[in-house]
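Participant: need a 3D model of the following:
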Amino acid sequence: MSLLLLACAPATDETACTSWPDAAVPPDGVTEESCGWYALSVGGHLYANVYVTDPDAGCDAVLADGLTLNAEPIFSNMSDDSAKWTYDIVAMSAGNGLHVDVTCSDGTRFEARIDVE
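Facilitator: Okay, the predicted model is just below:
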């Protein structure tokens with residue numbers, strides 16, 4: 001299994017998303033789609049499944065200031081689901097449009113924006 005790295009840094013303006021929703025919405029369970037915009041309270045969680053095409057693919061997560069991971073991402077590759085990394089992203093402080101960017105060695109990329117109240 002590839003080495004999993006986590007980096008925390010300010011969000012950049014470079015994004016693969018060509019369009020974002022018009023407004024932030026509360027997450028409805030675990031999100032799997034990239035380019036979503038979510039509303040969380042301080043202490044709230046966004047759970048994101050990042051599906052990879054290569055089970056050996058490692059991923060790097062870059063989170064804006066004000067966001068953190070609750071724990072190391074969890075990898076699973078069950079017979080009834082595809083290979084994925086599950087991230088538990090926690091809102092630590094107020095901010096608007098906080099960027100989450102997960103890139104994986106197989107070319108998979110997951111992005112989200114989070115408004116924290």
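Participant: nearest residue to Cys17 other than its sequence neighbours?
Facilitator: The spatially closest residue to Cys17, leaving aside those adjacent along the chain, is Cys35, at 3.9 Å (Cβ to Cβ, 6 or more residues apart in numbering). No exception for glycine: its C-beta is placed from N, CA and C like everyone else's.
Participant: burial measure for the one you found, as a count.
Facilitator: 16 (other Cβ atoms under 10 Å).
Participant: repeat that for Asp22.
Facilitator: Residues lying near Asp22 (other Cβ under 10 Å) number 7.
Participant: hmm, back to that, any idea how far the residue nearest to Cys17 lies from Ala94?
Facilitator: The spacing between Cys35 and Ala94, counted by Cβ to Cβ, to the nearest Å, is 23 Å.
Participant: and stretch 74-92, how far from the chain's centre?
Facilitator: 10 Å (Cα atoms, centre = their mean, to the nearest Å).
Participant: next, the distance between the ends of it.
Facilitator: For stretch 74-92, the first-to-last residue distance is 21 Å (Cα to Cα, to the nearest Å).
Participant: pull the longest strand from this protein.
Facilitator: In the chain, with assignment by DSSP state E, the single longest strand is strand 95-104.
Participant: ok, now which ones touch Thr86?
Facilitator: Residues near Thr86 by Cβ atoms under 8 Å, 6 or more residues apart in numbering: 30, 47-50, 73-76.
Participant: and it, what pLDDT?
Facilitator: Thr86 is assigned 98 on the pLDDT scale.
Participant: who's sitting farthest from the centroid in this protein?
Facilitator: Ser79 (23.5 Å; Cα atoms, centre = their mean).
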